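**Q** dropping the sequence and predicted coords here.
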Amino acid sequence: MCVIRLPVDVGDPVHRRAVERMYSTGFSMYRTAQRRVRSRLRAYWATRGERTRDPARLRERLRLSKKSLEYAAYADLNAAPHLRRHITKALAMNLADSVWAAAERHLFPDATGKRFGMPGVGRWYDFRRLPGRAQSHTEEHKWESFRLHGTLAGHRAAYRSTSGRFFQPRRMRPVAEPKSWWRYEGPLALVFSGLPDGTLILPIRLPSAPSNQAILDHHLGDPSKWHKIDLVRTRDPSVLGGWRYEAHLMVLAAPYASPATRAAREAAAIAGTGRCGGIDVNVSNVTIASHENEDDLRVTRVVRGAKARTRAHRRARQERRRLRALDRSRRAANAAQYELSKRQAKRARRREAAGLRPVQVIPAGPRKAGSDGKPLQAYWRDTLTQGYRRKRAERAAAAASAARARKADARTTAKRVVAEHGFRFVVEDVSPRTWFKRWGRALAAATPGMLVSAIEHEANVVAAIANQRGGLARASTRTTALSQHCLCGQRVAKELGQRRHTCVTCGLQGDRDTIAAVLAAHVVFGTRNEPASARVDYVATRTLLARLPSKEIDYRILLNRDIGRQDAQSESSATTARDGFFVTETECSPDLVVVARRIVGGPPLQSQMSLAPRQTTLDRIGMRTNLSFGATASTWDSS
């Protein structure tokens, strides 16, 4: 099961207004359901005695169930006929189901015994998904809410140039409503029927790059595997209306992998059959060590290169500039909520003493607050200009682009690590998130947790190909204490600032993280899924120590080069759009299934001057490739 993002063309003002009204109406229904379920949850937790005796009966009395929320959404829609013009009862039911999913996570604990907090009331800019209903695969011609009609062959035939090349125009052609959608074989279109004003038909835009055609064949070649569609919007200040719309199509098919990727993973499955690896996570680097039957020791350290550090410094400088611009805009629009700075107040007093009229300035002092230190006016009540909203959206887009670049680089590095060290790894059971309070900036720049997650995913995929147990196992630090021991088994206590390991018993020397990674490669488990059952096999480590050519362990450096900003309108990069990597995540849909998201290309980068006949270079590149710009692969550097 996987999900492919299909850009929806809303260049027609009529279509764009219809989608915007659909989102506005859906947001009203969504907030109403959220407020309703919050009030019922408060009543549920307030009645302690009845909840203790019979919680199921109390939930039934308070109408705290999925069916009750659906019926309440029906009643809301019937009581407001003006809302019925923009959404259907099926969509209102889907929105109520998504609200109940959050309430269900709050009411009932998960497998670990933890419950989520009280669901809140969402904001307009956080409301991005209109959930659809899955297509019935047992009953013919039953697919509620959003539907995808057409065929990939019909889409390619409709958009083929005289030279036979597949292309996508700047503005997609409108799709006429046929007599029967179930027999329609033309260009792909997103269909939403049941509205009083008629069926809403939105053209679908596909990436036209030759490298993406195999991916489209894999996901869209068989319409019987299309399962469910959600309409999702993303903030984008460069397009008309400020929002970019995509149809997230869930496909009942295995994730796509190119022939080159499959061959590389098959080779890694064969080469890494007998290897065991260990990972040591640090704030600024990740060290990986592996061996094959206590022989052929390999140690690799993943660090950021000089170019990546320079690019990160440039991004941080740009981020500071954006924050200053946003602060100036907020202060200018809400001058009454801020005090003058000392210099501004001194200048105002001088002008007043000289008999001059005051000069209007943007106050640079602190925000006006009461005696308790709280602002006199809450920040959410401030007046925000369109320029402020546009700059805020640009800042969010830049942050998302940088995050996509880091994910793409982590995936590339993980593939090289698995190919070098096999598909069995052990890492200490620690969370880098707990380090952010002390080393937040360094962690945000190096993102070691993201790299470990990418290694875990790639190792699981290769292990499945090898039909063996693999992946990433987590060992408790209490039972192993990897950084405080030597390969000979002696305890070598070290402070956190001591980065060099020296054992007076056996004479072994090396980097602290390197020794810890080698020990992690020799961790064995009583029960694999229980970190507390982990221990180090010191018999095997002594055998490895005896076979070492010297008493010092060195490592090779793998430069984790940040590939920079990703301008593709998706989470893919120029590399991952062809390699079949999938990020497994929980979709914000009513059924809460865990899906593998597949991202393919994106729409051309449009601007507010998109109606003009002239196209910029970036627009032309985006139209031809629908991929990122300036992607660079990681390189090896021996040391």
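**A** Yep, it's here.

**Q** so where's the chain shaky on pLDDT?
**A** Along the chain, the model assigns pLDDT under 70 to residues 559-639.

**Q** let me see the domain layout of it.
**A** Listed domain ranges for the chain are 1-255+582-603, 259-304+413-559 (source: automatic domain parsing).

**Q** so which of those domains gets nearest Tyr388?
**A** Minimum separation from Tyr388 across these (C-beta to C-beta) falls at domain 1-255+582-603, 11.4 Å. C-betas here are computed from N, CA, C, even on glycine.

**Q** show me what His248 is bridged to.
**A** Judged by DSSP bridges, the bridge partners of His248 are Arg5, Asp230.

**Q** for it, list the residues it contacts.
**A** Applying C-beta atoms under 8 Å, 6 or more residues apart in numbering, we find His248 in contact with Val3, Ile4, Arg5, Leu6, Ile229, Asp230, Leu231, Val232, Glu587, Arg597.

**Q** the fourth one reaches Val251, doesn't it?
**A** Going back to what we said before, that points to Leu6. No - in this structure, Leu6 is not within contact of Val251 by C-beta atoms under 8 Å, at 10.8 Å.

**Q** helices of the stretch 351-500 of the chain, start to end?
**A** Counting by DSSP state H, counting those that start in this stretch, the stretch 351-500 of the chain has helices at residues 386-421, 436-446, 448-466, 477-480.

**Q** okay if I get the ones you listed as a markdown table plus mean neighbour count and distance to Gln377?
**A** Below are the helices of the stretch 351-500 of the chain laid out as a markdown table (neighbours: other C-beta atoms under 10 Å; distance: least, C-beta to C-beta, whole Å):
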| stretch | mean neighbour count | distance to Gln377 |
| --- | --- | --- |
| helix 386-421 | 20 | 16 |
| helix 436-446 | 14 | 30 |
| helix 448-466 | 21 | 38 |
| helix 477-480 | 16 | 48 |
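
**Q** okay if I get the ones you listed as TSV plus distance to Tyr538?
**A** Output for the helices of the stretch 351-500 of the chain, formatted as TSV (distance: least, C-beta to C-beta, whole Å):
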stretch	distance to Tyr538
helix 386-421	21
helix 436-446	31
helix 448-466	25
helix 477-480	11
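
**Q** would you mind saying which of those helices lies nearest Arg84?
**A** Taking the helices of the stretch 351-500 of the chain one by one with C-beta to C-beta, helix 386-421 is closest: 30.2 Å.

**Q** now the angle from that closest one to helix 448-466?
**A** Interaxial angle of helix 386-421 relative to helix 448-466 (axes from the mean of the first three to the mean of the last three C-alpha atoms, to 10 degrees): 50 degrees.

**Q** how much space separates the nearest residue to Leu376 once chain neighbours are set aside from Ala335?
**A** Ranked by C-beta to C-beta, 6 or more residues apart in numbering and with sequence neighbours excluded, the top spatial neighbour of Leu376 is Lys368, at 5.0 Å. According to C-beta to C-beta, to the nearest Å, Lys368 stands 11 Å off from Ala335.

**Q** helix or strand for the nearest residue to Met93 once chain neighbours are set aside, which one?
**A** Nearest residue to Met93 in three dimensions, chain neighbours excluded: Glu70, at 4.8 Å (C-beta to C-beta, 6+ apart). Assigned by DSSP states H and E, Glu70 belongs to helix 66-79.

**Q** mind listing what's buried in that helix?
**A** For helix 66-79, the neighbour count (16 or more other C-beta atoms under 10 Å) marks Lys66, Ser68, Leu69, Glu70, Ala72, Ala73, Asp76, Leu77 as buried.

**Q** how far out from the middle of the chain is that helix?
**A** Distance, stretch centre to chain centre, for helix 66-79: 32 Å (C-alpha atoms, centre = their mean, to the nearest Å).

**Q** show me what that helix is packed against.
**A** When contacts are defined as 3 or more C-beta pairs under 8 Å, 6 or more residues apart in numbering; DSSP states H and E, helix 66-79 packs onto helix 13-46, helix 89-107.

**Q** pull the CA atoms of that helix into PDB?
**A** Provided in PDB are the C-alpha atoms of helix 66-79 (Å, rounded to 0.1, in the frame of the first residue of the first chain):
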ATOM      1  CA  LYS A  66     -18.200   7.700  16.100                       C
ATOM      2  CA  LYS A  67     -21.800   7.100  15.000                       C
ATOM      3  CA  SER A  68     -23.100   9.900  17.300                       C
ATOM      4  CA  LEU A  69     -20.600  12.400  15.800                       C
ATOM      5  CA  GLU A  70     -21.700  11.400  12.300                       C
ATOM      6  CA  TYR A  71     -25.400  11.900  13.100                       C
ATOM      7  CA  ALA A  72     -24.600  15.300  14.700                       C
ATOM      8  CA  ALA A  73     -22.700  16.300  11.500                       C
ATOM      9  CA  TYR A  74     -25.700  15.300   9.500                       C
ATOM     10  CA  ALA A  75     -28.000  17.400  11.700                       C
ATOM     11  CA  ASP A  76     -25.600  20.400  11.400                       C
ATOM     12  CA  LEU A  77     -25.600  20.200   7.700                       C
ATOM     13  CA  ASN A  78     -29.400  19.900   7.500                       C
ATOM     14  CA  ALA A  79     -29.800  22.900   9.800                       C
END
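
**Q** which residues touch that helix?
**A** Contacts of helix 66-79 (C-beta under 8 Å, 6+ apart): 29, 32-33, 36-37, 63, 83-84, 87, 89, 92-93, 95-97, 99-100, 104.

**Q** among those, which ones are buried?
**A** Here, 16+ other C-beta under 10 Å leaves 29, 32-33, 36-37, 83-84, 87, 92-93, 95-97, 99-100, 104 buried among the contacts of helix 66-79.

**Q** of those, which pair is most distant in space?
**A** Arg84 and Glu104 (27.8 Å).

**Q** identify each buried residue in stretch 361-380, please.
**A** Here stretch 361-380 shows Pro363, Arg367 as buried, counting by 16+ other C-beta under 10 Å.

**Q** how long is that stretch end to end?
**A** The first residue of stretch 361-380 is 23 Å away from its last residue (C-alpha to C-alpha, to the nearest Å).

**Q** next one: that stretch to chain centre, how far?
**A** Remark: stretch 361-380 is offset 35 Å from the chain centroid, using C-alpha atoms, centre = their mean.

**Q** same check on stretch 186-196?
**A** How far stretch 186-196 lies from its chain's middle: 29 Å, per C-alpha atoms, centre = their mean.

**Q** so what touches that stretch?
**A** For stretch 186-196, the external contacting residues (C-beta under 8 Å, 6+ apart) are 6, 8, 22, 84-86, 88, 90, 145-152, 154-155, 158-159, 172-173, 175, 178, 181, 199-204, 206, 220, 229, 231, 247.

**Q** what do you get if the cut-off is 6 Å, keeping everything else the same?
**A** 8, 85, 88, 146-147, 149-150, 154-155, 158, 175, 199-204, 247 (C-beta atoms under 6 Å, 6 or more residues apart in numbering).

**Q** now those: which count as buried?
**A** Among these, the ones that count as buried by 16+ other C-beta under 10 Å are 8, 88, 146-147, 149-150, 155, 175, 200-204, 247.
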